[in-house]
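[1] Please work out how this folds:
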Amino acid sequence: MSNDNQNPQMPGMNPQMQGQMQGQMPNQMMGQMGGMNPQMMGGMNPMMMQMMQMMGQMGGGMGMAPQFDPAAAPFQGDLAQDEDAGLDADIIRPATFDDLIRKQEPLATGTVLDYLCLSEDSKTSLGGLPKGCTMALVGPPGKGKTRTTLGTLARVAQTGIKCAFVVAEEGFHDKAGSGRDDLGSRMAKIGMAATGLSAEDFRTQVLENMWVIESQYHRGQSWDDFIAKYRYLVEKAGIGFVVIDSLNMLDPSRSKTADHLSTLKTYNHEQGVTCLCVGQIKDTGAPVGGEAMVHTADAVFLIEEMGLTSKDMASEWGGKYRERIDVVRSVKCVSAPTFPHPIRIEQGPTGELGVSDKQPDDKAVLPLP
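    Numbering: from 1, shown residues only. The predicted model follows:
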């Protein structure tokens with residue numbers, strides 16, 4: 001008897017391929033379908049290919065390994081044992097805290113920044129930047145942001161706190177001796193005026209507690225390079241207060257300002273570092289980094305120009321009709337109440353920002369503690 005009825009040739013399949021498949025069990029055949037080369041697949045007619053695809057999809061009930069969803073991988077396998085210290089370390093139990101209630105402490109600056117946050121009862125000014133927070137001081141160029149932070153650095157360093165100044169916008173020291181009044185010179189002059197120290201005393205009482213990181217992008221410095229230096233200073237030198245001038249220039253694309261600030265804030269919280277980041281504004285007056293940056297920072301202080309658009313307003317703020325004055329306001333602070341009004345500011349002899357004596361009486365700043 002002919003074998004044609006026992007082993008009929010499949011339509012569209014060449015004899016060589018049929019010989020390879022004869023004698024194999026169905027489950028074995030289906031197990032090999034996933035590794036079938038394109039030449040073999042090309043020899044099948046469309047009906048045969050569709051049939052084999054359907055068999056592959058139903059393979060879970062016909063001896064084939066079922067399709068596995070990679071998204072389910074974290075939920076597979078046994079739960080880690082209770083004695084896994086790594087998991088316990090990542091889970092916080094507030095009920096075990098001995099010091100559950102904290103009071104926000106100030107870091108005095110000797111500038112207008114001391115009045116922007118308030119005490120818990122809102123009866124006095126906080127008296128400084130909120131300690132342990134990562135903040136943004138944002139405003140137009142030429143308004144005294146850098147000079148205010150230089151005076152602040154000097155006063156804080158004089159108390160014995162180790163400080164770091166991150167320079168991202170210009171060179172700190174003019175090694176070439178070109179005659180420029182460089183940033184290091186300005187730090188010394190503003191710091192000596194702020195502390196009342198002589199040059200020699202300023203060197204021993206202030207500069208001994210000061211470190212400077214240059215992180216200019218034009219020198220090929222990346223965000224990762226900055227973080228490596230930053231971590232080294234914080235963890236090896238014990239830095240407690242940092243000024244970054246400016247956060248935006250650490251990422252000249254301006255596309256990751258909020259992401260960088262979020263990363264920096266989390267690390268500062270872990271290390272107990274107080275950090276003040278100088279920031280820039282857009283043409284619209286909004287901070288570079290937008291709402292995401294404002295949302296991320298622990299506190300945001302915004303310097304802006306306020307137009308005196310009426311005679312009554314001009315009289316209230318001690319200016320002239322249609323004049324534009326400089327004010328600073330606290331946009332937010334997560335750890336302390338904020339002063340509810342703009343504060344009119346003036347630059348002192350060294351360029352530091354202080355409260356103007358033309359601040360309206362009904363919006364007077366609260367006394368220091």
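
[2] Only C-alpha atoms from now on, for both contacts and neighbour counts.
    Noted.

[3] mind listing the helices for this protein?
    Applying DSSP state H to the chain gives helices spanning 15-21, 26-33, 38-42, 46-57, 85-89, 145-158, 183-195, 199-205, 223-232, 257-271, 290-296, 311-316.

[4] Need the ones you listed in TSV (columns: mean neighbour count).
    Compiled in TSV, the helices of the chain are given as follows (neighbours: other C-alpha atoms under 10 Å):
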stretch	mean neighbour count
helix 15-21	11
helix 26-33	14
helix 38-42	11
helix 46-57	13
helix 85-89	10
helix 145-158	24
helix 183-195	19
helix 199-205	14
helix 223-232	14
helix 257-271	17
helix 290-296	17
helix 311-316	15
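
[5] To Arg102, which of the ones you listed lies closest?
    When those are compared by C-alpha to C-alpha, helix 257-271 sits nearest Arg102, at 14.5 Å.

[6] on contacts alone, who are the packing partners of the closest one?
    Under the contact criterion of 3 or more C-alpha pairs under 8 Å, 6 or more residues apart in numbering; DSSP states H and E, helix 257-271 touches strand 134-138, helix 290-296.

[7] try 10 Å this time
    strand 134-138, helix 223-232, strand 274-279, helix 290-296 (3 or more C-alpha pairs under 10 Å, 6 or more residues apart in numbering; DSSP states H and E).

[8] any idea how far the longest one is from the chain center?
    It refers to helix 223-232. Helix 223-232 sits 14 Å away from the centroid of its parent chain (C-alpha atoms, centre = their mean, to the nearest Å).

[9] how far off helix 257-271 does that helix point, in degrees?
    Between helix 223-232 and helix 257-271, the angle comes out at 20 degrees (axes from the mean of the first three to the mean of the last three C-alpha atoms, to 10 degrees).

[10] Pull helix 223-232 out as PDB, backbone CA atoms only.
    The C-alpha coordinates for helix 223-232 follow below in PDB (Å, rounded to 0.1, in the frame of the first residue of the first chain):
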ATOM      1  CA  TRP A 223      26.500  67.400  36.700                       C
ATOM      2  CA  ASP A 224      28.100  64.100  37.700                       C
ATOM      3  CA  ASP A 225      31.500  65.800  38.200                       C
ATOM      4  CA  PHE A 226      29.900  68.400  40.400                       C
ATOM      5  CA  ILE A 227      28.200  65.800  42.500                       C
ATOM      6  CA  ALA A 228      31.400  63.900  43.000                       C
ATOM      7  CA  LYS A 229      33.100  67.000  44.400                       C
ATOM      8  CA  TYR A 230      30.100  68.000  46.400                       C
ATOM      9  CA  ARG A 231      29.800  64.700  48.100                       C
ATOM     10  CA  TYR A 232      33.500  64.600  48.900                       C
END
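
[11] ok, residues contacting that helix?
    For helix 223-232, the surrounding residues in contact (C-alpha atoms under 10 Å, 6 or more residues apart in numbering) are 164, 166, 168, 213-217, 233, 236-239, 242, 250-251, 260, 263-264, 267-268, 271.

[12] measure the residue nearest the centre of the chain to Asn268 for me?
    Centroid-nearest residue in the chain, with C-alpha atoms, centre = their mean: Leu261, separated by 1.6 Å. Distance, Leu261 to Asn268, using C-alpha to C-alpha, to the nearest Å: 10 Å.

[13] what's the overlap in contacts for these two?
    When C-alpha under 10 Å, 6+ apart defines a contact, the residues bordering Leu261 and Asn268 alike are Thr134.

[14] about what we covered before: can you check which of the helices of the chain gets nearest to Ile101?
    With C-alpha to C-alpha as the measure, helix 257-271 is the member of the helices of the chain nearest Ile101 (16.7 Å).

[15] about what we covered before: nearest to Gln50, out of the helices and strands packed on helix 257-271?
    helix 290-296 (50.7 Å).

[16] Tell me the helices and strands packed up against that closest one.
    On a contact count with 3+ C-alpha pairs under 10 Å, 6+ apart, helix 290-296 meets strand 134-138, helix 257-271, strand 299-307, strand 324-333.

[17] pLDDT on the last one, on average?
    If I follow you right, that is strand 324-333. Per-residue pLDDT over strand 324-333 has a mean of 97.
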